[in-house]
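Undergrad: No sequence on hand, only this structure:
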């Protein structure tokens with residue numbers, strides 16, 4: 001492995017991505033609030049476990065997982081990484097999956113119901129995702145099309161949801 005990440009033209013768009021207050025998080029929060037739920041944001045419930053949304057009254061910890069970064073089974077990456085950073089990308093995605101499993105385990109050990117919600121499920125039906133969260137049941141990944149009928153299996157997946 002090399003000394004570190006090598007800047008590439010293809011990866012330029014990934015710089016500066018938000019970690020909090022992402023569009024799917026905001027959509028879900030609005031739907032939860034409209035459903036009468038009250039919640040806290042990014043509250044640490046255990047060392048190494050900070051859910052995106054916490055519903056203290058229901059003891060529900062919600063993680064909104066991005067399709068790409070958390071390897072959605074429907075919309076996640078299907079081909080191996082290529083280029084000078086391929087090995088680093090594989091390691092990063094593996095660490096993301098490991099961190100997800102560790103966070104889920106830590107929250108459950110503390111007595112929380114953990115609901116992991118895929119970005120695609122929130123984008124497809126924010127109100128349905130909110131109902132599933134309040135029921136303590138994670139909604140599965142959404143179908144392979146977005147609101148305007150464009151396939152989300154291509155590189156433009158995120159753009160099909162923006163006005």
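TA: Okay, I see it. The structure presented is a predicted model; accordingly, all values stated were derived computationally and were not measured.
Undergrad: Please make it C-alpha for all contacts and neighbour counts, starting now.
TA: Will do.
Undergrad: Quick check: beta-bridge partners of the residue nearest the centre of the chain?
TA: By CA atoms, centre = their mean, the chain has its centre lying nearest to residue 65, at 1.3 Å. Judged by DSSP bridges, the bridge partners of residue 65 are residue 118.
Undergrad: which residues of the protein fall in strands?
TA: Under the criterion DSSP state E, the chain contains strands at 40-41, 53-55, 60-65, 113-118.
Undergrad: For the shortest one, name the packing helices and strands.
TA: Spelled out, that is strand 40-41. With contacts taken as 3 or more CA pairs under 8 Å, 6 or more residues apart in numbering; DSSP states H and E, strand 40-41 sits against strand 53-55.
Undergrad: quick one: strands adjacent to the strand it packs on?
TA: strand 40-41 (antiparallel), strand 60-65 (antiparallel).
Undergrad: Quick one: these as CSV, columns for mean pLDDT and distance to residue 52 too.
TA: CSV is the format used below for the strands paired with strand 53-55 (pLDDT from 0 to 100; distance: least, CA to CA, whole Å):
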stretch, mean pLDDT, distance to residue 52
strand 40-41, 98, 6
strand 60-65, 97, 5
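Undergrad: tell me the most buried of those?
TA: Of all the strands paired with strand 53-55, strand 60-65 carries the top mean neighbour count, a mean of 24, counting by mean count of other CA atoms under 10 Å.
Undergrad: contacts for that strand?
TA: 24-25, 51-55, 107, 112-119, 133-134, 136 (CA atoms under 8 Å, 6 or more residues apart in numbering).
Undergrad: what about the strands of the chain, which gets the closest to residue 143?
TA: Minimum separation from residue 143 across those (CA to CA) falls at strand 113-118, 11.5 Å.
Undergrad: elements contacting the closest one?
TA: Right, strand 113-118 is packed against strand 60-65, helix 86-109 by 3+ CA pairs under 8 Å, 6+ apart.
Undergrad: Reformat those as JSON lines; add distance to residue 124.
TA: Listed next are these as JSON lines, based on distance: least, CA to CA, whole Å:
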{"stretch": "strand 60-65", "distance to residue 124": "14"}
{"stretch": "helix 86-109", "distance to residue 124": "23"}
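Undergrad: Buried deepest among these, which one?
TA: Here the criterion is mean neighbour count by mean count of other CA under 10 Å, and of the helices and strands packed on strand 113-118 the winner is strand 60-65, at a mean of 24.
Undergrad: Next, the angle from that one to helix 86-109.
TA: Strand 60-65 runs at 170 degrees relative to helix 86-109, counting by axes from the mean of the first three to the mean of the last three CA atoms, to 10 degrees.
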